[in-house]
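Asker: Kindly generate the corresponding structure for this input.
(one chain, ligands or ions: 2)
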Amino acid sequence: MLSGLFRSTTSKVVRSSRRAFASTEAYDHYGSHLFKGDVADKYLKAHGSSSALLDDPSWTDHSADTVAAAVLDWAADNGADTYCHWFQPMAANGVRHGLTGQVQNKMLEFDRTTNKIKWDFKGKDLVKGETDGSSFPNGGLRATHTAGGYLAVDTSSNIFLRGDTIFIPSAFVSYYGAALDEKTPLLRANEALNTQGKRLLSLLGYDVEEIVANIGLEQEIFLVPRDQYLRRPDLQMTGRTVIGKNAPRGQEMCDHYMAPPSTAQPALEAMQEMQEECWLMGIPLKTRHREVAPNQYEFAPLFGTNTTQIDQNIMVMQVIEEVAAKHGLAALLQEKPFNDVNGSGKHNNWSLGTTGGVNLLNPAQLNKASGNADSFPVIMSAIISAVAEHGDLMRMAISCPGNDFRLGACEAPPAIVSTYLGDDMTSYLEAFKDGKTGEYNPGLKTLDLGTSSVMPFNVPAEDRNRTSPFPYGGARFEFRAVGSSQNVSMVNTVLNTITAQKFKQFADAIEGGASPSAVAGEALNKSWKAIFNGDNYDEANQQMLTDRGVWRIDSGVEAINQLSADKNKTLFSEMDVMTSDECDARAVILHDHYTGTVEMEALVLVDMIQQHIIPSVKEANVPGVGDLEKAVSTLKDAVKEIHAAGSSYEQAKLARVLRLETMIDIREVCDKAEELVPADLWTLATYKELMFLD
Ligand code: ADP
Ligand code: MG
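Answerer: Ligands and ions are numbered 1, 2, ... in the order given. Sure, this is the predicted structure:
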């Protein structure tokens, strides 16, 4: 059996060079590194079982040895001899390698007597891991001297293989079972959604086996020349440029969006390899295109269940960074790497479905499957009232540091959490809440281009709205305000928990004797304010929504604080998603993460001013040295002041002022110097070099 070990360990898809006829060989390898379906079936059959075993999570109790044996054979056949429990420590986002944890162990026994190596991987090795959790953020959930962290297989996501290693998606908890990761609360939220959703549907006369949330994550990135990236300490350390004079050209010509990917950089070649690496692991990366800003790109996969999509997105982010480097590029995943051109988001497309394949947000499908015209408006009402009541938590979930510069900047929706439904749906729901019954049947309209060369064609009666943070788009909601660097577990934990709570409240009221349409109508009446179909970028509209009492939290630091609000602690504990302590711990961690980010940015700015800008200014003999020296001491004092503040919350508030006021003023001084210093004396990569090399 050992022979497998010494086969080619890469199993890499052999890509044709970029000829006119692309090879389809990558298709044959799709999913071969994912332990699922036919791949798992073949290896499980050799051990007297089949892939159906994996459908019931209890395999970890009664058949762990069988699965371990099959995984071991699969590993050996694919040149892997290493395994790890792969988990997602608590931290809202990671700009560089910050999203997962793993300790890689050999699936081997080292025999002292014979001095030989044998394969060794048992069920007990597969289903559980124990690790030293002491150096992960825990926000007070773990006393300093109790270091144990436990890893348990998450059966909702599939084991996969990359290089020489088997990755086992896992949940990570403390010795006392407190969630120390991003995933555990999400799994609990999925449970709540399923329980309450099934209950509500059953009361509507529609019994289903299971309800799941499906998501599709569009990932925006920048790909910049690596040699220039290495001339920017700020990009290297923090993922964004803290200074930098605008290039003479930005995105004003609208000539980047959907333009052909750059071949000179070579972004196209890198993206092709990223896709093929992902396909091996069964990650359905389907779409790639250029985005609005220069050197900005996007990938989108086919949607799937939330835990698999999130695990896959995290791996996609890692593959992007690694493959970019191989092609002489640096991938920037941070939300706002550059001033004055668009930043990057990660649209979280979200829908609810049955495991039987019925999309509950698709009116035609749901009407047909449930045979009850009320089902669709009842579910929509629950979601709308969840948004109206808990928009603060949606805002909390997107308050990663990079979103400070994105939200509300006319490229991403504002920090006011409303939802767009479109006029058609809005008038349908308006009539519904006033007692009118009947199915919602979205209309179509025909576009006639006035030329016989193009036949008239049908489009939805409803336009799209890209200014809304949470628009409905026909069969899904799209949470558009999410940041590109985020692990979106908390985003989906929130969406599912707030929806589950409304499902529960509706179900309780119906069980108490109320009619479903009356319950939903009343909830809609209360939450109507959160529906807004207009332009969210317009300031007058923003004021109007604020006056209406729609949730608006401009500061991410304040949004994080909402985790500790009574309303939200009650919600999370009532839904068995997070205890009050777990909520507080997360607020502390998110505040510390924010402060840590700002501190790094301030310190890298100090270095850049002292080691690059002041020497350049002196060499060029242009004015500004005095102001730059003053800036350095201002930054150092501000960092000291933050350290001295009393709590994580107080520190984060000071950090925000430093970042959004002091550092912006200092940036002006630096950018002024860049304007004056001759190009050959300026030692940092410029915006022109980072964004316009080809
Ligand atoms: P855009 O929003 O830019 O128009 P697409 O139409 O390509 O982009 O879709 C974006 C993402 O939404 C894709 O990942 C897609 O798989 C996902 N998606 C489509 N339908 C659903 C759905 N019902 N539930 C969840 N995600 C979906
Ligand atoms: Mg989108």
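Asker: Tell me the buried residues in the longest strand seen in the chain?
Answerer: Looking across the chain with DSSP state E, the single longest strand is strand 165-174. By neighbour count on 16 or more other CB atoms under 10 Å, the buried set for strand 165-174 is Thr165, Ile166, Phe167, Ile168, Pro169, Ser170, Ala171, Phe172, Val173, Ser174. C-beta here means a position set from N, CA and C on the backbone, and glycine is covered the same way.
Asker: Identify the residues contacting whichever residue of the stretch 151-300 of the chain sits closest to ligand 1.
Answerer: The stretch 151-300 of the chain approaches ligand 1 most closely through Gly216 (2.5 Å), counting by CB to the nearest ligand atom. Going by CB atoms under 8 Å, 6 or more residues apart in numbering, Gly216 touches Ala300, Pro301, Leu302, Phe303, Gly304, Gln309, Asn349, Arg476.
Asker: now Lys198: how far from Ala514?
Answerer: 19 Å (CB to CB, to the nearest Å).
Asker: of the two, who's got more company?
Answerer: Lys198 (19 against 14; other CB atoms under 10 Å).
Asker: Show the backbone phi and psi for the closest residue to Gly556 other than its chain neighbours.
Answerer: Setting aside the residues directly before and after it, Gly556 is nearest to Ser399 in space (CB to CB, 6 or more residues apart in numbering), at 3.4 Å. With angles defined as degrees, to the nearest 10, Ser399 sits at phi -90, psi 50.
Asker: burial of Ser399, as a residue count?
Answerer: So Ser399, with other CB under 10 Å, has 28 neighbours.
Asker: Likewise for Asp55?
Answerer: 10.
Asker: Tell me the spacing between the most centrally placed residue in the chain and Lys672.
Answerer: By CA atoms, centre = their mean, the mean C-alpha position of the chain lies nearest to Val488, the distance being 3.4 Å. From Val488 across to Lys672, the span is 39 Å (CB to CB).
Asker: State the helix or strand in which the closest residue to ligand 2 within the stretch 401-550 of the chain lies.
Answerer: Proximity of the stretch 401-550 of the chain to ligand 2 (CB to the ion) peaks at Glu478, 5.5 Å away. Assigning secondary structure by DSSP states H and E places Glu478 in strand 477-479.
Asker: same for that strand, what does it pack against?
Answerer: strand 348-354 (3 or more CB pairs under 8 Å, 6 or more residues apart in numbering; DSSP states H and E).
Asker: Render the CA-only coordinates of the helix or strand just after the strand it packs on in PDB, please.
Answerer: From strand 348-354 onward toward the C-terminus, using DSSP H and E, the following helix or strand is helix 363-370. Extracted C-alpha coordinates of helix 363-370, given in PDB (Å, rounded to 0.1, in the frame of the first residue of the first chain):
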ATOM      1  CA  PRO A 363     -42.900  31.900  -5.600                       C
ATOM      2  CA  ALA A 364     -43.800  29.600  -8.500                       C
ATOM      3  CA  GLN A 365     -41.900  26.700  -7.000                       C
ATOM      4  CA  LEU A 366     -43.200  27.200  -3.600                       C
ATOM      5  CA  ASN A 367     -46.800  27.700  -4.700                       C
ATOM      6  CA  LYS A 368     -46.700  24.500  -6.700                       C
ATOM      7  CA  ALA A 369     -45.000  22.400  -4.000                       C
ATOM      8  CA  SER A 370     -47.000  23.600  -1.000                       C
END
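Asker: Could I get the average pLDDT for helix 363-370?
Answerer: In this model, helix 363-370 has an average pLDDT of 94.
Asker: circling back: quick one: which of the contacts of Gly216 has the most company?
Answerer: Most surrounded of those: other CB under 10 Å gives Gln309, at 26 neighbours.
Asker: quick one: contacts for that residue?
Answerer: Asn214, Ile215, Gly216, Leu217, Pro301, Phe303.
Asker: one more time with 7 Å, if that's ok
Answerer: Ile215, Gly216, Leu217, Phe303 (CB atoms under 7 Å, 6 or more residues apart in numbering).
Asker: And for Glu321?
Answerer: Contacts of Glu321 by CB under 7 Å, 6+ apart are Ala331.
Asker: ok but Glu252 is inside a strand, no?
Answerer: No. With DSSP: H, G, I helix; E, B strand; the rest coil as the criterion, Glu252 is coil rather than part of a strand.
Asker: Now do it, the pLDDT please.
Answerer: For Glu252, pLDDT reads 83.
Asker: Name the single longest helix found in this structure.
Answerer: helix 580-608 (DSSP state H).
Asker: Show the secondary-structure elements that that helix is packed against.
Answerer: helix 233-238, helix 556-561, helix 566-574, helix 625-644, helix 648-657, helix 663-676 (3 or more CB pairs under 7 Å, 6 or more residues apart in numbering; DSSP states H and E).
Asker: Is the residue of the stretch 151-300 of the chain closest to ligand 1 bridged to anything, and to what?
Answerer: On the basis of DSSP bridges, Gly216 is bridged to Asn349.
Asker: close enough to count as contact, the residue of the stretch 401-550 of the chain closest to ligand 2 and Ser468?
Answerer: No. Using CB atoms under 7 Å, Glu478 is not in contact with Ser468; the gap is 8.6 Å.
Asker: ok, these two, which is more surrounded?
Answerer: Ser468 (28 against 23).
Asker: if we can go back for a sec, please list all residues in contact with the residue of the stretch 401-550 of the chain closest to ligand 2.
Answerer: His347, Asn349, Pro471.
Asker: Give the full set of residues in contact with the first one.
Answerer: Put plainly, it is His347. Per CB under 7 Å, 6+ apart, neighbours of His347: Glu218, Glu478, Phe479, Arg480, Val482.
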